[in-house]
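J.: Structure of the sequence below:
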Amino acid sequence: MVLIGMPGIEKGVARFPQFYSRIGFVHEFHPLDETQMTRLLNELWLPAGVRLPDVVLAPDVIATLIRMSGGISGC
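T.: Numbers count the residues shown, from 1 in each chain. Prediction:
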């Protein structure tokens with residue numbers, strides 16, 4: 001099981017010792033930078049089950065997606 005949450009979530013989960021003791025490790029994900037996110041969008045990466053029309057994303061659309069999302073969580 002993977003739990004993804006906001007920074008510091010492990011402190012909140014620590015209040016539940018029976019649950020917290022079963023967490024194997026914590027990995028902090030960082031947002032992708034603009035170059036990485038642009039590459040993903042240009043390669044038409046999509047989450048499973050998402051379908052978009054076959055349209056090339058304009059640079060201003062990509063810039064808006066990056067600005068509004070603050071990046072995509074990545075390693």
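J.: And the helices in this protein, which stretches?
T.: Ranges of helices in the chain, per DSSP state H, are 9-13, 17-20, 34-42, 59-69.
J.: Tell me which of the ones you listed sits most buried.
T.: helix 34-42 (a mean of 14; mean count of other Cβ atoms under 10 Å). From N, CA and C alone the C-beta is placed, and that goes for glycine too.
J.: Quick one: list the elements packing against that helix.
T.: With contacts taken as 3 or more Cβ pairs under 8 Å, 6 or more residues apart in numbering; DSSP states H and E, helix 34-42 sits against helix 59-69.
J.: just the angle between the helix it packs on and helix 34-42, please?
T.: 120 degrees (axes from the mean of the first three to the mean of the last three Cα atoms, to 10 degrees).
J.: Provide a list of residue ranges in this structure with pLDDT below threshold.
T.: The model of the chain has pLDDT under 70 over residues 71-75.
J.: try 50 this time
T.: 74-75 (pLDDT under 50).
J.: And residue 32, how close does it get to residue 65?
T.: From residue 32 across to residue 65, the span is 12 Å (Cβ to Cβ, to the nearest Å).
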